[in-house]
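K.L.:
Sequence and predicted structure, then a few things I'm wondering about:
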Amino acid sequence: MWHIFRKDVWMLRVAVLATVAQMGLWAWAEVASGGMPWRTVDLLRQFIVTGWCFTACFVTIGEPDWSTRPMPRGRLMAAKVLFMAAVFHLPYLLACAAILWGKGFLPWHYVGRLMEQQFLSAAMYTIPCLALASVTGSFGTFGVAGVAILMVTLVGTLAGAPRRGLEWLEDPGRAWWIPVLMVVFGLAVLVVQYLSRRTDVAGRVGMASVVALIAAFVLTPTNPILKLQCKDGAAGWIGAMRVGEGRRVLKAKGEMDRDLYWLPLSAPALEAPLLVRPQVLDWVMQTGGGQTFTDGFGMRVNAGSYWYGTYLYVDMTPGVRERTESGEARMNVSMRVDVSKALRPVWSKVGATSMVPGLGRCGSYVKDDENEGRFHVFCESPEAEGKDVVVTVHTRGRHWGRELSEGWVQSGTLRLLTPVRRMETDGLRVLERMPEGSWTATRAEVKDASLEFAPEERVGCELVDLSVAGRWDHAAGRFLPVGVRE
């Protein structure tokens, strides 16, 4: 085993040195950015992921005589795993610890987070790439097969259940079943390929495992998995939801080609300081004319909870509106309701960096453009879970509310590399002189502004299934559910 490991290190010595250099540069860039987005950080992440995958391909394909070499079968596989652990996982662990230290977090307080990063990187990069390389047998075939798998997965994401895979891009913590699938099927391929010495039968079994992985990703039901994460009764909405008369809301100029209906939901109120945040996971609507609509076909359905009430809103195009002109419709909606506890607000000045409970290290910056700037507030923490937490920018006589979200930052598998989760607000428009409207500010206002953070502590969540039946009246701009009289 050791002589194979040394041979691989020497054969790929340039890639080994480049990997260590990239990890060091990436850790330095993450800390040196100071909380601001930096294109260099994103490029280094892309180089690391690319090198990670193709080095696994080289170290596997570079063993042409493994089927005839007279040695115990397990040692060959152990040598390849040892190479990836020493060349990638160890430098990656040190780089993550350096990033935590540089951003003001003691690494030994977040050992669990570091181990989580090791598992995710192994599940998404090391094991799948080793398994795919053992099946393909050449560098070109490996690249083509990787692209083909990504395209099939993308098609399955768009054609399958709504939000399948998209939740992985937005919030990998909730879609934990995806890396578990990758590990199970990847290890199955590796065991068959290496222990069977890459025979024709092993190759067919390996390709069958890859196809089974794609099928499992596309066909795995997500609702039972979500129920494992959510406790019934966290919000008390199950069996207690009622839908009131919905009305059409006029949209801004330039968006009048769509109809937006707000349907009020009568949900049980929670005692302060508990907060609820509903999110539509799945929905399907059937009209009286026999048409069926789902997400992505000219209509969007979502839910929101505001200070003036909780609403289910339906956004439809003119084509959908014409096909629902017959009036009657029935819609089945599945929602995830997150419950959190509001903590004491934390104040800070613009330009200062402060530690906010539940949000971590928070600050702000202005990104300048040719004619204007964009003011952003960000928070970084190894354990931040407060998505959509409100940050209020206070100036003399005016204030603006913004929501922290990971959706505004790097999404997808590249975000998995970073041990520090980052949330950021969308940009507040900043002008040099007097603002043009209520949603713009001047540089002088932003410079002297104060930030009010409203952190939250997660309590739990529950899944709610809601069935809505009623009649559209587009001429009057309303929706009358069953049980609501005119």
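P.N.:
Cool, got the structure. None of the values given here were measured: they were computed from a predicted structure.
K.L.:
Would you double-check that H3 falls in a helix?
P.N.:
Yes - counting by DSSP: H, G, I helix; E, B strand; the rest coil, H3 falls inside a helix.
K.L.:
Check what pLDDT it gets.
P.N.:
Per-residue pLDDT puts H3 at 75.
K.L.:
Distance of it relative to A86?
P.N.:
Distance of H3 to A86, computed by Cβ to Cβ, to the nearest Å: 15 Å. (Glycine included, C-beta is placed from N, CA and C.)
K.L.:
which one of the two has more residues nearby?
P.N.:
Between H3 and A86, counted using other Cβ atoms under 10 Å, the more crowded position is A86 (14 against 10).
K.L.:
Got the domain ranges for the protein?
P.N.:
2-228, 244-342+460-481, 346-454 (automatic domain parsing).
K.L.:
In CSV: those, plus distance to G236.
P.N.:
Converted to CSV, these look like this (distance: least, Cβ to Cβ, whole Å):
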stretch, distance to G236
domain 2-228, 17
domain 244-342+460-481, 5
domain 346-454, 21
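K.L.:
Looking at the ones you listed, spot the one closest to I238.
P.N.:
Closest approach to I238 among the domains of the chain (Cβ to Cβ): domain 244-342+460-481, 5.7 Å.
K.L.:
Return the distance of the closest one from the chain's centre.
P.N.:
Counting by Cα atoms, centre = their mean, to the nearest Å, domain 244-342+460-481 is centred 23 Å from the centre of its parent chain.
K.L.:
And it, end to end?
P.N.:
End-to-end distance for domain 244-342+460-481, by Cα to Cα, to the nearest Å: 7 Å.
K.L.:
Please list all residues in contact with R361.
P.N.:
G35, K103, G104, F105, T353, S354, M355, C379, E380, S381 (Cβ atoms under 8 Å, 6 or more residues apart in numbering).
K.L.:
Just give me the longest helix of the protein.
P.N.:
Criterion DSSP state H: the longest helix present in the chain is helix 39-61.
K.L.:
still on that earlier bit, so which of the domains of the chain is nearest A234?
P.N.:
Per Cβ to Cβ, nearest to A234 of the domains of the chain: domain 244-342+460-481, 3.6 Å.
K.L.:
For that closest one, the averaged confidence score.
P.N.:
Mean predicted lDDT for domain 244-342+460-481 stands at 79.
K.L.:
Same check on stretch 99-115?
P.N.:
Averaging pLDDT along stretch 99-115 gives 89.
K.L.:
Report the buried residues of that stretch.
P.N.:
I99, L100, K103, F105, P107, Y110, R113, L114 (16 or more other Cβ atoms under 10 Å).
K.L.:
Cross-check the contact I'm expecting between K231 and L463.
P.N.:
No - the pair K231 / L463 is not scored as a contact, 9.8 Å apart, by Cβ atoms under 8 Å.
K.L.:
Looking at the two, which is more packed in?
P.N.:
The residue with more neighbours, out of K231 and L463, is L463; 19 against 14, by other Cβ under 10 Å.
K.L.:
Am I right that that one is in contact with D338?
P.N.:
No - counting by Cβ under 8 Å, L463 stays clear of D338, with 10.8 Å between them.
K.L.:
does Q229 really touch G460, like I thought?
P.N.:
No - checked against Cβ under 8 Å, the pair Q229 and G460 is beyond contact range at 9.3 Å.
K.L.:
so E245 touches G477, yeah?
P.N.:
No - using Cβ under 8 Å, E245 is not in contact with G477; the gap is 11.0 Å.
K.L.:
ranges for the helices of the stretch 301-450 of the chain?
P.N.:
Per DSSP state H, counting those that start in this stretch, the stretch 301-450 of the chain has helices spanning 318-323, 443-447. These are given in chain order.
K.L.:
Between the contacts of R361, which sits nearest M182?
P.N.:
Using Cβ to Cβ, the contacts of R361 come closest to M182 at S381, 26.3 Å.
K.L.:
for this protein, longest strand please?
P.N.:
Longest strand of the chain, by residue count under DSSP state E: strand 456-473.
K.L.:
still on that earlier bit, tell me how far the longest helix of the chain lies from the chain's centre.
P.N.:
Using Cα atoms, centre = their mean, the offset of helix 39-61 from its chain centre is 21 Å.
K.L.:
Which residues does it contact?
P.N.:
Contact with helix 39-61 is made by 8, 12, 15, 18-19, 22-23, 25-26, 29-30, 33, 80, 83-84, 87-88, 121, 125-126, 129-130, 132-134, 136-139, 142, 146, 410, 413-414, 417-418, as judged by Cβ under 8 Å, 6+ apart.
K.L.:
Next secondary structure after it?
P.N.:
helix 73-84 (DSSP states H and E).
K.L.:
just checking, what packs against that following helix?
P.N.:
Applying 3 or more Cβ pairs under 8 Å, 6 or more residues apart in numbering; DSSP states H and E, one finds that helix 73-84 makes contact with helix 2-11, helix 39-61, helix 127-136, helix 177-195.
K.L.:
do that again at 6 Å, thanks
P.N.:
Counting contacts by 3 or more Cβ pairs under 6 Å, 6 or more residues apart in numbering; DSSP states H and E, helix 73-84 is packed against helix 2-11, helix 177-195.
K.L.:
Pick the most deeply packed of the ones you listed.
P.N.:
Per-stretch averages of neighbours, counted by mean count of other Cβ atoms under 10 Å, single out helix 177-195 among those, with a mean of 19.
K.L.:
I'd like the average pLDDT over that helix.
P.N.:
So the average pLDDT for helix 177-195 ends up being 75.
K.L.:
tell me what that helix is packed against?
P.N.:
Secondary-structure packing of helix 177-195 (3+ Cβ pairs under 6 Å, 6+ apart): helix 73-84, helix 127-136, helix 200-219.
K.L.:
buried residues in stretch 376-383?
P.N.:
Judged by neighbour count (16+ other Cβ under 10 Å), stretch 376-383 contains these buried residues: H376, V377, F378, C379, E380, S381, P382.
K.L.:
what pairs with the residue lying closest to the third one once chain neighbours are set aside across the strands?
P.N.:
Sequence neighbours aside, E424 is the residue nearest to F378 in space, at 4.4 Å (criterion: Cβ to Cβ, 6 or more residues apart in numbering). Residues in a beta bridge with E424, per DSSP bridges, are F378, S405.
K.L.:
if we can go back for a sec, just the buried ones out of the contacts of helix 39-61, please.
P.N.:
Applying 16+ other Cβ under 10 Å to those flags 8, 12, 15, 19, 22-23, 25-26, 29-30, 80, 83-84, 87-88, 121, 125-126, 129-130, 132-134, 136, 142, 146, 410, 413, 417-418 as buried.
K.L.:
how far is stretch 122-137 from where the chain is centred?
P.N.:
The chain centre lies 23 Å from the centre of stretch 122-137; the measure is Cα atoms, centre = their mean.
K.L.:
same question for it, mean pLDDT?
P.N.:
81.
K.L.:
Dump that stretch to PDB, keeping only the CA atoms.
P.N.:
Presented in PDB, the C-alpha positions along stretch 122-137 are these (Å, rounded to 0.1, in the frame of the first residue of the first chain):
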ATOM      1  CA  ALA A 122     -15.800  13.400   0.700                       C
ATOM      2  CA  ALA A 123     -19.500  12.800  -0.200                       C
ATOM      3  CA  MET A 124     -19.600  15.300  -3.100                       C
ATOM      4  CA  TYR A 125     -16.100  15.200  -4.500                       C
ATOM      5  CA  THR A 126     -13.700  12.400  -3.400                       C
ATOM      6  CA  ILE A 127     -16.000   9.300  -3.400                       C
ATOM      7  CA  PRO A 128     -18.100  10.100  -6.500                       C
ATOM      8  CA  CYS A 129     -15.000  11.100  -8.600                       C
ATOM      9  CA  LEU A 130     -13.000   8.000  -7.600                       C
ATOM     10  CA  ALA A 131     -16.000   5.800  -8.300                       C
ATOM     11  CA  LEU A 132     -16.700   7.400 -11.700                       C
ATOM     12  CA  ALA A 133     -13.100   7.200 -12.700                       C
ATOM     13  CA  SER A 134     -12.900   3.500 -11.800                       C
ATOM     14  CA  VAL A 135     -15.900   2.900 -14.100                       C
ATOM     15  CA  THR A 136     -14.900   5.100 -17.100                       C
ATOM     16  CA  GLY A 137     -11.200   4.100 -17.600                       C
END
